[in-house]
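K.L.:
Structure for this input, please:
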Amino acid sequence: MNIFLTAGTFDFLKRMENTYPEEVMVTMVNQNGALLLHETNGKTLFKEPRRYEVLEASGELKKEGFAVMNNIPVTEEGRPVFEHQMKNSIRKVENQSGFSSFRILRPLSSNTYVIMTVWENELSYQTWQSSESFFGTHQTNAFVNNLQPKIFESGSYVSKYTITE
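P.N.:
Prediction:
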């Protein structure tokens, strides 16, 4: 399974999503613009997308919710350790109230992985952030970072989006 991402205006991306109702496409928006996600086993309909392979997935992508994308640049030598750690720690989020889905995305043409979680709403995400589960997951990731100081290429960053009809 692959995920392709492209950016543009909300209206343009929403028209594209509506043109292909048989495809799994989700339009997201934040203060910086809009993003269209296409999840498929086939080829994408986008001309120049960011390309990812789905390493792990849980839940169905819905047409509403709150998406959080942790963008994490990983060194070539750090990829196996990072992937192993993410596959083992991400499952802790599945039982959280308001959780909808997640995807661990391996980049096909860059060094930046995306760990995407989707929630019913922003409040559900914020509640999870203050939970013991969140602290435990991120404490484990910090431990790996201390063991493998060269695992990360540079600092990570978070993008948050509202998924809306």
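K.L.:
contacts, neighbours, all on C-alpha from now
P.N.:
Noted.
K.L.:
center of this protein - which residue?
P.N.:
Met116 (2.0 Å; Cα atoms, centre = their mean).
K.L.:
Could I get the full set of strands for this protein?
P.N.:
Here the chain has its strands, by DSSP state E, at 2-8, 24-30, 33-40, 50-58, 65-73, 99-107, 112-119, 157-163.
K.L.:
The second one: partners in the sheet, and parallel or antiparallel?
P.N.:
This means strand 24-30. Strand pairing for strand 24-30, determined by DSSP bridges: strand 33-40 (antiparallel), strand 157-163 (antiparallel).
K.L.:
quick one: buried residues of the last one?
P.N.:
Applying a neighbour-count criterion of 16 or more other Cα atoms under 10 Å, one finds 160-163 buried in strand 157-163.
K.L.:
Now stretch 117-126: average pLDDT?
P.N.:
Stretch 117-126 shows a mean pLDDT of 95.
K.L.:
Now the terminal residues of it, how far apart.
P.N.:
By Cα to Cα, to the nearest Å, the extent of stretch 117-126 from end to end equals 12 Å.
K.L.:
what's next to it, contact-wise?
P.N.:
61, 64-69, 97-103 (Cα atoms under 8 Å, 6 or more residues apart in numbering).
K.L.:
what do you get for stretch 4-24?
P.N.:
Residues from elsewhere that reach stretch 4-24 (Cα under 8 Å, 6+ apart): 25-29, 33-40, 44, 46, 48-52, 61.
K.L.:
Now list the buried members of these.
P.N.:
Among those, those classed as buried by neighbour count (16+ other Cα under 10 Å) are 25-29, 34-40, 44, 49-52, 61.
K.L.:
Now distance to Gln85 too, for the strands of the chain, in a markdown table please.
P.N.:
Shown next, in a markdown table, are the strands of the chain (distance: least, Cα to Cα, whole Å):
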| stretch | distance to Gln85 |
| --- | --- |
| strand 2-8 | 21 |
| strand 24-30 | 27 |
| strand 33-40 | 24 |
| strand 50-58 | 12 |
| strand 65-73 | 13 |
| strand 99-107 | 11 |
| strand 112-119 | 12 |
| strand 157-163 | 18 |
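K.L.:
Dump the strands paired with strand 24-30 into CSV; add mean pLDDT and distance to Phe10 as well.
P.N.:
Converted to CSV, the strands paired with strand 24-30 look like this (pLDDT from 0 to 100; distance: least, Cα to Cα, whole Å):
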stretch, mean pLDDT, distance to Phe10
strand 33-40, 96, 5
strand 157-163, 96, 11
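K.L.:
All set now, cheers.
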